[in-house]
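Novice: whatever this is, show me its structure:
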Amino acid sequence: MMMIELKNVSKTFGDIAAVRDVSFVIPEGRTTIIAGADGAGKSTIFKMLVGLVRKDSGAIFLKGENIGRDYHKITAITGYMPERFSLYQDLSVEENLNFFSDIYLVPYQKREERKQRLLEKTGMLPFKKRRAGALSGGMKQKLALSCILLSAPQFIILDEPTTGVDPLSRIEFFNTIAELKAEGKTIVISTPYLDEAEQGDYIVFLKSGRILKQDSMKLLKENFTARLFNITPDGNIYAILQQLKKNEQIKDKVYIRGKYIKYLQPESEQNLVSLIPHTYVEEEKPKLEDIYIYYERRNNP
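Specialist: Numbers count the residues shown, from 1 in each chain. Presented below is the predicted three-dimensional model:
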């Protein structure tokens, strides 16, 4: 079932087209990932969803109803964590939760129960008296998430929630997201990290304000027909890549990852591995990062 739908939404800032004719659906009770590099338009889309930025054209629907300019219909059910969520550094964890309880008008009789449950869920209970400014990056993000969950939102928007967070905290953060989804929450997350994007049920690839590809994670992988070859180069990997970039047949199909040259061969095209000087070739299953590169290079805005 659809929770949110964007239809042909665009936004420009002066000469900059931040979002260009974007259409996609955020399914109810699922985790949707908006993936793309900095400047792709992720944050602008989120700000348009909650009315912080007015769209230039297009429409936004909530459960099939065009919200028009009444963004309260979305914000009333939404917990929004922007990329730079403002905690009060001199307040303790508990004091921050109390402050945001007041902001969200959480009834006093429900406040203590929600605070306790969120502190336990995020593993922050032992740190409730610690100043927010003394928390690690991962713990600050957990506190920020707890603050937006105080209002018990149905729809959760998280803008690059793990940027600058250590790997273990990222894992713990996404474990919390999985628990929220199991509770029936609808979640949309933006990220530049494609390994994180694997956590989603539905994915939208963005570049320069345009959608490159969108699909359920399952169908995206099942329907991806290009073959990926992992190649150990025979010689200097950078020199070989520079030579390959001069070849029109193969230049857009090769890239470096670690000590290997990767070659993505579209199913309908000739296998050109023989053009790459190599000592060893192995075919492997494409990761989400490889799938993004494939569509990015074939749909260059």
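
Novice: domain-wise, how is the chain divided?
Specialist: Domain assignment for the chain, taken from automatic domain parsing, gives 2-221, 225-285.

Novice: out of those domains, the one nearest residue 296 is which?
Specialist: Closest approach to residue 296 among the domains of the chain (C-beta to C-beta): domain 2-221, 5.8 Å. No exception for glycine: its C-beta is placed from N, CA and C like everyone else's.

Novice: any idea of the mean pLDDT in that closest one?
Specialist: Domain 2-221 shows a mean pLDDT of 91 in the predicted model.

Novice: just how off-centre is it within its chain?
Specialist: 9 Å (C-alpha atoms, centre = their mean, to the nearest Å).

Novice: measure it end to end?
Specialist: 22 Å (C-alpha to C-alpha, to the nearest Å).

Novice: which stretch of helix or strand covers residue 256?
Specialist: strand 254-257 (DSSP states H and E).

Novice: circling back to that earlier point, okay, the domains of the chain, which one's buried deepest?
Specialist: For those, the largest average neighbour count (mean count of other C-beta atoms under 10 Å) is found in domain 2-221, namely a mean of 17.

Novice: just the helices in the chain please.
Specialist: 42-49, 72-75, 93-103, 108-121, 137-149, 167-182, 194-197, 217-222, 237-244, 288-298 (DSSP state H).

Novice: can you give me the buried ones in the last one?
Specialist: To tie it back to what came earlier, the one meant is helix 288-298. Buried residues in helix 288-298, defined by neighbour count with 16 or more other C-beta atoms under 10 Å: 288-296.

Novice: helices or strands next to that helix in the packing?
Specialist: When contacts are defined as 3 or more C-beta pairs under 8 Å, 6 or more residues apart in numbering; DSSP states H and E, helix 288-298 sits against helix 194-197, strand 202-207, strand 210-216, helix 217-222, strand 260-265.

Novice: format the ones you listed as CSV; extra columns: distance to residue 281.
Specialist: Formatted as CSV, these follow (distance: least, C-beta to C-beta, whole Å):
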stretch, distance to residue 281
helix 194-197, 24
strand 202-207, 28
strand 210-216, 27
helix 217-222, 22
strand 260-265, 8
